[in-house]
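Peer 1: give me a model of this one.
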Amino acid sequence: MSLTRRDLIKIMAAASPVVLAPKAFGTLSHLIGAGDLNLSAGRKFNFNADWKVKVGDFPDAPNADFDDSGWQTHTLPYAWNENDAFRVSIDELSTGIAWYRKSFKLPEACRSKKIFFECEGIRQAGTFYLNGKEIGLSENGIMAFAFDLTDHVKFGDEENVMAARIDNSWDYREKATNAKFQWNDKNFYANYGGMNKNVYIHVTPKIYQTLPIYSNLQTTGLYVYASEFDIEGKVARINVASQIKNETNKAQKAKLEVLIFDVEGRRIKTFNGNNGTVNAGGLLTLTASEIVNDLNFWSWGYGYLYTIQTNILIDGKVVDTEYTKTGFRKTEFKDGMIYLNDRVIQVHGYAQRTTNEWPSIGLSVPAWLSDYSNGLMVEGNANLVRWMHVTPWKQDVESCDRVGLMQAMPAGDSEGDVKDRRWGQRKEVMRDAIIYNKNNPSIVFYECGNKGIMDSQMQEMKDIRDMYDPHGGRAIGAREMLASKVAEYGGEMLYIDKSSTKPLWEMEYSRDEGLRKYWDNYTPPFHKDGDGPLYRGEPAGEYNRNMQSHAIEDVVRWYEYWKVRPGTGKRVSSGGVNIVFSDTNTHHRGAENYRCSGEVDAMRIKKQNFFANQVMWDGWVDVENPSMHIIGHWNYKKGIEKDVYVVSSCPKVELFCNGKSLGFGQRSNAFLFTFKSVKWRKGILEAKGYNEQKKIICSDKLTTTGEPHHVKLTEVKRPTVFVADGHDLALIEVEVVDENGVCCPTALNMIEFELNGPAEWKGGIAVGPNNYIGSQNLPVEGGVNRVLIRSTNKGGKIQVVAKSAGLLGATLTLNPQAIDVENGLSSYFASSKLAPTFLRAATPNTPSYQVSRMAVAVKDTKVAVNGGKATNSYDDNETTAWENDGTLSTAWIEYVLEREAAISQIDIKLNNFRRKSYPLQISVDGKVVFNGETKKCLGYNTLVCKPVTGSIVRIELTAVAHEGKDVIGEEVSGKVLGDGVKSAHANAKGSLSIIEVEFYEEVKQ
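Peer 2: So this is what the prediction gives:
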């Protein structure tokens, strides 16, 4: 029996993970002896434990002797307003001042060392104190920062107290300039306040490799990159540049040594770099380079990572060691396409909010849960996540490395261009983000704005990239930037753009919303599209969808990109990303107070559109693994008759009910098969997909389940053990199942939970009062829901009990393991035991697409008016267009082709493509090949005709264009989005305006 990709994913998900118990981690005193730091164990320590937190302003809180005994104790990362997450709308999240305080000790052996504090980021701004003295300020609310504690810290038995005053006000202004931060925005950047990311203590020698943190420290750290790639031969040159600093009182001659370890921990290469003398108080960058054979290249769904050990030697003795996880991959951006390891890849994925939040938690989840969430994107065959507006935190960046998910990394912005200090703030964040993340292979794009910026500004950003990451293989660009001479990629928000030069991919192409609770029109609670409040006085069907229509809409939208993919001509689309992957506590237009655009809900339970995308996206460009998914369930009532929809990448799909054929589906949008008026019968509904040779190559089925019988509890599989660190979370799935243990897909039962043992109830989310946030009673939706349980800092048995009226209950036992924390520090890192995953194989060495048609170039034109602008209609620039003078008699244009060709298709992008349909007649050498009306769309109409050979193509408007309802609608702000270029005669009755037109002949396979 052959296994489908979905079968393999299920098997991998069910496999027992290999874990290493936390007992393997030592304490600080174990790692630091009487002499030098134990270099083999590392020099970075977990500083997350035992923070005291209190909301309010306390002027004496910086003082070391301040009494915080009445404050709550929390393990970081921790947002003090976490309980607001998904309970209230983004603009109602709690804001204000909160204080964080922590006591800690450092061994006497550290007195001769350098001590640094690192924080991966806070929200929004914080002033930090150590032992009553102010040590620094961080204000941008995004990026990591660090402080040098060496001159302020105490050692031995003396206690240190760090205190931080955090202000997450929406209207916070930069102290030095009184300027607001553009990205501190109530629409998209959910405000989870406080120290909401990881913190660390670094202990280094006085000659050390610097941290990659520019703000405050002005250091850039280590830079690792590959060059001279031979992908097929598995060879590349590995280059290492390490910035070192000398804080001794004399010049030192230093040398760099590099060791490379593979994913199994085997050393595969050792090589030496150059020598250099670093002056007292000075900086020096040492370099090393070597050809390395038999490399495994990082790829989509193949998160292969190496550990780079860099040693600094003085007089032959190792004085400092650093470890860096990274991967090696080759990228190119040319001919309108994206190349990864010499293979073309079309972008398909998600524009995800950077907060990537969960109910009752916000963004501050343990590292394994980041891998779980980001890994689901890869499981659903997404290949890129575009983090929106602000730089993601390091945990998500590293997570994407491990799961093999490409990233587009922004700096910090809102909508629109900025200048003055706000532009300076954006550049500073981009600089800091590049320096901090330049060794993470999953970052493939740097994004400079959520809207186009001037080329002069783009050049400033490009200069920053070239200064700090000149060899990382990352394109820099922004949304729009279609005609930019500087940006290396672009693409609009919603439309279809094509290019033969730099890649264009769309930034958030489908923004409809729909809850997981609603299957279709025939399933309780019988939600029809548009049920719910009006949006700006109009029915809001696209923002209150059920799962069936939401999945269908995803198919319709993706088809527009797929049909102009690489292989379909000289000008192609590099794809697009769907907004968003998981439901998010950000701006919304549906019935709920949070955005429900996700392919999974806020607890990462899959919706039907997850499976639709999974089918369509299973390939680098062309679909490489045919599969299918029947949308919905098969638990209806007697007498129900409904249309059944199947998403499949096969050319033909047949439907069966209890073994009896119901015929073949009507195919539309390449991937959607419709079976009209299917009568429900208890049993099995099965779909089978056929290839061109009429052979069955995949199938899917739905089975009628029995009545609800009992409650089932399952801990969602995790790759690491559950630890008692006061921060770790267990994700528990609850199902209402029949007597055979199969989930009942229409069940809506209320579940009553009971929690016993050393744990904190965080709960889940459901449709109802306050979204059931924090409640220990909440319903299943579609038979299933999930809840979160947080550990405390004590080990011991935890018991979760679930009951529901009329059903048998369930009990689940958890046993979190304790970790060692000594004097406020630990060598346990939650992410260190997360291994790379390989849901897909290494980059194939086969082509990713077949050429289906060949473009025929234009060499001349003939028009009645505006002849000087005729080339605008075929200039590979979608910001320009040719138009006539608005009269029907001049609404024509003739194209002289470079050669005689059998024209079978015409791609045309007409002005106002979303709102207008144009009656056109097209002829080839005088023979009419098309006479009809174009469709309103997201960009290009593909007009198919019987092949006619000729060299002159005439396009003419035969009647007034029809203006109708916009296929997208207006923005949340109320503004109407543009759909073309400025036109002097846009409203004239005889207006014809062509942005781009292309002519094609078929390529026979």
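
Peer 1: neighbours around Y543, how many?
Peer 2: Neighbours of Y543 under the rule other Cβ atoms under 10 Å: 25. Where C-beta positions appear, they are placed from N, C-alpha and C, glycine not excepted.

Peer 1: swap that for Q309, sorry
Peer 2: Neighbourhood size, Q309 [other Cβ under 10 Å]: 17.

Peer 1: that one pairs with what?
Peer 2: Note on Q309: beta-bridge partners by DSSP bridges are L259, Y323.

Peer 1: give the contact list for it.
Peer 2: V258, L259, I260, F261, T321, E322, Y323 (Cβ atoms under 8 Å, 6 or more residues apart in numbering).

Peer 1: tell me the pLDDT of the second one.
Peer 2: Meaning L259. If you check L259, the pLDDT there is 98.

Peer 1: and what of the last one?
Peer 2: pLDDT recorded at Y323 is 95.

Peer 1: that one contacts Y306, correct?
Peer 2: No. At 10.7 Å, Y323 does not count as touching Y306 under the criterion of Cβ atoms under 8 Å.

Peer 1: of these two, who's got more company?
Peer 2: Y306 (23 against 14).

Peer 1: what's near enough to touch that one?
Peer 2: I260, F261, D262, V263, I268, K325, T326, G327, F328.

Peer 1: got phi/psi on the closest residue in space to the last one that isn't next to it in sequence?
Peer 2: Among residues not flanking F328 along the chain, A226 sits closest, at 4.1 Å (Cβ to Cβ, 6 or more residues apart in numbering). When read as degrees, to the nearest 10, the backbone of A226 gives phi -110, psi 150.

Peer 1: give the bridge partners for A226, please.
Peer 2: Going by DSSP bridges, A226 forms beta bridges with I238.

Peer 1: correct me if wrong: it contacts A236.
Peer 2: Yes. The pair A226 / A236 is scored as a contact, 4.2 Å apart, by Cβ under 8 Å.

Peer 1: overlap in contacts, these two.
Peer 2: F328, K330.

Peer 1: please, where are all the helices along the stretch 501-650 of the chain?
Peer 2: Using DSSP state H, counting those that start in this stretch, the helices of the stretch 501-650 of the chain run over residues 547-562, 608-616.

Peer 1: now do the chain
Peer 2: With helices called from DSSP state H, the chain shows them at 5-14, 28-31, 367-379, 394-403, 420-437, 455-468, 547-562, 608-616.

Peer 1: can you list these in a markdown table and add distance to E82, mean neighbour count and mean pLDDT?
Peer 2: What follows is the helices of the chain, written out as a markdown table (distance: least, Cβ to Cβ, whole Å; neighbours: other Cβ atoms under 10 Å; pLDDT from 0 to 100):
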| stretch | distance to E82 | mean neighbour count | mean pLDDT |
| --- | --- | --- | --- |
| helix 5-14 | 28 | 13 | 35 |
| helix 28-31 | 28 | 18 | 39 |
| helix 367-379 | 14 | 23 | 98 |
| helix 394-403 | 16 | 24 | 98 |
| helix 420-437 | 24 | 21 | 97 |
| helix 455-468 | 34 | 17 | 97 |
| helix 547-562 | 29 | 22 | 96 |
| helix 608-616 | 26 | 26 | 98 |
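
Peer 1: go through those helices and name the closest to E332.
Peer 2: Proximity to E332, assessed across the helices of the chain by Cβ to Cβ, is greatest for helix 455-468 (16.1 Å).

Peer 1: ok, and what's touching the closest one?
Peer 2: So helix 455-468 is in contact with 220, 411, 417, 423, 427, 430-431, 434-435, 438, 446, 448, 453, 474, 476-478, 481, 484-488, going by Cβ under 8 Å, 6+ apart.

Peer 1: give me that answer again for 7 Å
Peer 2: 220, 423, 427, 430-431, 434-435, 438, 446, 448, 476, 478, 484-487 (Cβ atoms under 7 Å, 6 or more residues apart in numbering).

Peer 1: from those residues, which two are the most distant?
Peer 2: Between all members of the contacts of helix 455-468, the farthest pair (by Cβ to Cβ) comes out as T220 and K485, at 28.9 Å.

Peer 1: who has more neighbours out of these two?
Peer 2: T220 (23 against 9).
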